[in-house]
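> For reference, the sequence and a predicted model appear below.
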2 protein chains.
Amino acid sequence: MGVKERKERGKVEMRDKILRSAHHLFLEKGFEQVSIRNIAEAIEYSPATIYLYFKDKNEIVHALHQDGFRLLVEHFQPLVRFTDPFERLVEMGKAYIKFATTNAGMYELLFMRSEPMEHVTDCLDEEWKEGDRAFDVLLQTVKQCQTLGHFKGLDSQNFSMMIWSFIHGLCALGISKHIIHVKEARDNRLAVDAVMHTTYQTFHTALERLKS
Amino acid sequence: MGVKERKERGKVEMRDKILRSAHHLFLEKGFEQVSIRNIAEAIEYSPATIYLYFKDKNEIVHALHQDGFRLLVEHFQPLVRFTDPFERLVEMGKAYIKFATTNAGMYELLFMRSEPMEHVTDCLDEEWKEGDRAFDVLLQTVKQCQTLGHFKGLDSQNFSMMIWSFIHGLCALGISKHIIHVKEARDNRLAVDAVMHTTYQTFHTALERLKS
DNA sequence: ATTTAAAAATAAACACCGTTTATTAATTTT
DNA sequence: AAAATTAATAAACGGTGTTTATTTTTAAAT
């Protein structure tokens, strides 16, 4: 006995090997620049072998997707020390931006591509557990703010969606290299990070005014 | 004489033919799904012919980029009838969203891809005329709002950037199919358009409160 | 220990992609 | 009518994701 078990272990080890290699290549070369053949070469197996462990490229991408969300949630962990929900909300935005700028390749994969989302649809999962969980962190914080009397008269879900849209838009424009090319950034010789930072500060100011 | 002129005309006609075909295919199949070979087939020429009129695919993409901005600015034209700048600002957001949802492929090309932006960098253009012009429409409107006493104490450029980030984020999340998969959208059986609409309404409400 | 059955890995192919080069077809100039 | 120029293309190169048939490795049964 134990043979079957070892085989099983071998199977998940191979899956992990592929995923870790893919993860590494993604961070290094960015989405769309990573091919099955690259991954195969990195792990020193033939391309066809990959297909023994993953149905197609989308499945690999989806698995990395889940890894990415774990990483994002990790970035949110330190936020528990902020007892005031509003303060936590503000810090959450900063953490999100930090995650996006320091893991641009991964952020692109998580939030800027439709392929992984389409894979969710294909699986008939319909559920998008990781996304829901991350969104819920935001939603609960907004709700806590509202129990303290902030953001009165605003629907918590819509307001959370609004906040996410803003932060995502800011990160996405930064990553897709649109910010560098707007006149203001060029004129003031501001780095992308600086523009994102001051824009977020303005958003913070706006949030403060919406508190009451 | 006139031969050279006819030739010239023929040359720009062919360029136009290629661009119109590419434009059509982009709207139909979305970025990344359109190949040089597709375009060639559509205009009934060989793929190699394309390269007699365009240096590479990026040059085609860049040309379409400019077309796209013209289309976007056209969507903004009807806004002149709104004399109140705040009202115009709100309508501008709606027009932007309408443009994005009805021309998803084009929107993706304009604002969600780094390739065309990288081409701008390569050309040493540095300037991104189309983008600046479009952003300026927003910026001027914000400034006009401020001369009426709205949005006091907020830097016009940062605030414009904030608004753009929000709207772009909303459109981008819609197009990249992330919105369909958030729990709330699924539970309430809301279409993407509906989520975008109610989120924008919430933003509108927030803007109203920031007026004074 | 040897043969047989099962599993794992791969080589080779298919149909795409962007792009380049050498060649052919059409047109203009001489 | 011949030469020179221009326009168009066929074919190829190196890349992509993926599939199929084949070979190698491993485990089980004799």
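Noted; the coordinates are in hand. Residues are numbered from 1 along each chain as shown, chains lettered A, B, ... in the order given.
> A:I180: what's its closest spatial neighbour, skipping adjacent residues?
Take A:I180 and drop its neighbours on the chain: the residue closest to it by Cβ to Cβ, 6 or more residues apart in numbering or on different chains is A:V192, 5.7 Å away. Where you see a C-beta, it was placed from the backbone N, CA and C, and this is true even at glycine.
> Could you report the distance from that neighbour to DNA strand D?
Per Cβ to the nearest atom of the strand, to the nearest Å, A:V192 is found 28 Å from DNA strand D.
> A:Q201 now?
40 Å.
> Over to A:K211?
Taken as Cβ to the nearest atom of the strand, the span from A:K211 to DNA strand D is 48 Å.
> Give me the pLDDT value at that residue.
pLDDT recorded at A:K211 is 91.
> and the residue nearest to it when sequence neighbours are not counted, helix, strand or coil?
Setting aside the residues directly before and after it, A:K211 is nearest to A:H150 in space (Cβ to Cβ, 6+ apart), at 4.6 Å. Assigned state for A:H150: coil (three-state reduction, DSSP: H, G, I helix; E, B strand; the rest coil).
> and if you look at A:R189?
coil.
> ok, now A:T83?
Following three-state DSSP, A:T83 is assigned to coil.
> For it, grab phi and psi.
phi -80, psi -30 (degrees, to the nearest 10).
> That one: how many residues sit nearby?
7 (other Cβ atoms under 10 Å in any protein chain shown).
> Just the helices from chain A, written as ranges.
With DSSP state H as the criterion, chain A has helices at A:3-29, A:36-43, A:47-53, A:57-76, A:85-102, A:104-111, A:115-122, A:129-147, A:156-175, A:183-187, A:192-211.
> that older thread, quick check: pLDDT value at the residue nearest to A:I180.
pLDDT at A:V192 comes out at 92.
> For it, grab the count of nearby residues.
So A:V192, with other Cβ under 10 Å, has 16 neighbours.
> ok, residues contacting the helix or strand of chain A with the lowest mean pLDDT?
Sorting the helices and strands of chain A by mean pLDDT, DSSP states H and E puts helix A:183-187 at the bottom, at a mean of 77. With contact meaning Cβ atoms under 8 Å, 6 or more residues apart in numbering or on different chains, helix A:183-187 is reached by A:I179, A:I180, A:L190, A:V192, A:V195, B:E126, B:W128, B:D132, B:F135, B:D136, B:Q157, B:M161.
> cool, stretch A:95-114 as well?
A:26-31, A:61, A:64-65, A:68-69, A:71-72, A:75-76, A:78-79, A:116, A:167-168, A:170-172, A:174-176, A:193, A:196, A:200, B:112, B:172-173, B:175-178.
> So for it, mean pLDDT?
Across stretch A:95-114, pLDDT averages out at 93.
> repeat for stretch A:45-53
Here the average pLDDT along stretch A:45-53 is 97.
> so what's the residue of chain A found nearest chain B up against?
Using Cβ to the nearest Cβ, the single residue of chain A nearest to chain B is A:G169, 2.6 Å away. A:G169 makes contact with B:W164, B:S165, B:F166, B:I167, B:H168, B:G169, B:L170, B:A172, according to Cβ under 8 Å, 6+ apart.
> Let's see if you can find the most crowded of those.
Highest neighbour count within the contacts of A:G169: B:L170, with 28 neighbours (other Cβ under 10 Å).
> Can you name the residues that contact that residue?
Neighbours of B:L170 in contact, by Cβ under 8 Å, 6+ apart: A:S165, A:G169, B:I97, B:M196, B:T199, B:Y200.
> residue ranges with poor pLDDT in chain A?
Filtered on pLDDT under 70, chain A yields the residue ranges A:1-8, A:124-126.
> hmm, back to that, of the contacts of helix A:183-187, buried ones?
Neighbour-count burial (16 or more other Cβ atoms under 10 Å in any protein chain shown) is assigned, among the contacts of helix A:183-187, to A:I179, A:I180, A:L190, A:V192, A:V195, B:W128, B:F135, B:Q157, B:M161.
> Tell me the one of the residues you listed nearest B:I50?
B:W128 (25.1 Å; Cβ to Cβ).
> Please verify my assumption that that closest one contacts A:V182.
Yes. Contact criterion Cβ atoms under 8 Å: B:W128 and A:V182 qualify, at 7.1 Å.
> Now A:D56. Its backbone dihedrals?
Dihedral angles (degrees, to the nearest 10) for A:D56: phi -160, psi -180.
> And it, how close does it get to A:A63?
12 Å (Cβ to Cβ, to the nearest Å).
> More neighbours: which of these two?
Remark: of A:D56 and A:A63, A:A63 carries more neighbours, 19 against 13, as counted by other Cβ under 10 Å.
> roughly how far apart are that one and A:R20?
Taking Cβ to Cβ, one finds A:A63 at 11 Å from A:R20.
> can you put the contacts of helix A:183-187 in TSV and add distance to A:T121?
Formatted as TSV, those follow (distance: Cβ to Cβ, whole Å):
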residue	distance to A:T121
A:I179	31
A:I180	33
A:L190	39
A:V192	32
A:V195	34
B:E126	40
B:W128	35
B:D132	37
B:F135	34
B:D136	39
B:Q157	39
B:M161	33
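> just the contacts of A:G169 now: which is nearest DNA strand D?
B:A172 (24.0 Å; Cβ to the nearest atom of the strand).
> Tell me who's in contact with the closest one.
A:M112, A:H168, A:G169, A:A172, B:F111, B:M112.
> related to what we said a few turns ago, identify the residues contacting the residue nearest to A:K211.
A:F86, A:L210, A:K211, A:S212.
> phi, psi of it?
Dihedral angles (degrees, to the nearest 10) for A:H150: phi -80, psi 160.
> Over to the one 5 residues further on?
Geometry field for A:D155 lists phi and psi as phi -70, psi 130, criterion degrees, to the nearest 10.
> how near is the residue nearest to it when sequence neighbours are not counted to A:Q146?
Residue nearest to A:D155 in three dimensions, not counting chain neighbours: B:T202, with 6.5 Å by Cβ to Cβ, 6+ apart. Distance check for B:T202 against A:Q146: by Cβ to Cβ, it reads 13 Å.
> ditto for A:L173
In terms of Cβ to Cβ, A:L173 sits 29 Å off from A:Q146.
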